Each structure stands twice: as C-alpha cells, then as structure tokens.
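Colleague: This is a predicted model, with the sequence first.
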Amino acid sequence: MLYTVKQGRLEPTTCNNDVNKERRRLFGVKYKEHHAAVRQTHILERAAKDSMKVITPALVTNMELHCREAINRAAENKDMVYGKYA
C-alpha cells in the first residue's frame with residue numbers, strides 16, 4: 001500500500017501500474033473517437049429537426065463536410081478560418 005499526501009488515504013499498489021496506465025490511455029483515445037462521431041451526428045440531427053421543410057440532400061452534404069472539418073480542426077487545435085476549406 002502507498003500513502004498519498006494530498007488526501008491521506010490508502011492507495012493500492014496496482015492503482016498506477018503500467019498496465020492500468022495503458023488501459024486508461026487506450027480508453028481515453030477510444031472515448032475521444034466515439035465522442036467526435038456522436039457529436040457530429042447530434043449536430044446534423046438538430047439541424048435536420050429545426051429546418052426539416054427546407055432541407056435538401058445537397059444541404060445535408062454541405063453541412064456534413066463543414067461539421068467534419070470543424071471537428072477535425074478542433075481535435076488538432078487549429079484555428080478556424082471562416083469561408084475557407086483547407
């Protein structure tokens with residue numbers, strides 16, 4: 001057992017071993033990938049619900065491209081440039 005200074009509680013020795021650190025890292029990577037996909041779907045669903053009468057397949061494709069680009073730039077911590085696709 002290890003004693004932590006901050007919280008004064010017992011901590012199991014397996015808590016921060018290399019196997020658990022790797023599992024947590026992999027979970028974080030998978031969670032971020034899943035969250036990005038779900039977020040894109042929610043954006044498209046909200047847009048479709050709000051303007052169902054005027055939505056066209058071309059508009060859906062354009063929104064999907066814009067959402068994908070925005071999510072990719074956010075994941076890479078890049079600045080958005082309005083009106084440009086790169």
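Modeller: Perfect, thanks for sending it.
Colleague: Give me the distance between residue 46 and residue 75.
Modeller: For residue 46, the distance to residue 75 equals 20 Å [Cβ to Cβ, to the nearest Å]. In short, each C-beta sits where N, CA and C put it, glycine included.
Colleague: which residues of this structure fall in helices?
Modeller: 18-50, 57-75 (DSSP state H).
Colleague: who touches the shortest one?
Modeller: Judged by Cβ atoms under 8 Å, 6 or more residues apart in numbering, the contacts made with helix 57-75 from elsewhere in the structure are 32, 36, 39, 40, 43, 44, 47, 48, 79, 80, 85.
Colleague: Flag every buried residue along it.
Modeller: Buried residues in helix 57-75, counted by 16 or more other Cβ atoms under 10 Å: 63, 67, 71.
Colleague: Serialize the residues you listed to CSV and add fields for pLDDT and distance to residue 54.
Modeller: Formatted as CSV, these follow (pLDDT from 0 to 100; distance: Cβ to Cβ, whole Å):
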residue, pLDDT, distance to residue 54
63, 81, 12
67, 81, 18
71, 80, 24
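Colleague: what's the closest of those to residue 18?
Modeller: The nearest member of these to residue 18, counting by Cβ to Cβ, is residue 71 at 31.8 Å.
Colleague: List the residues that contact residue 79.
Modeller: Neighbours of residue 79 in contact, by Cβ under 8 Å, 6+ apart: residue 73.
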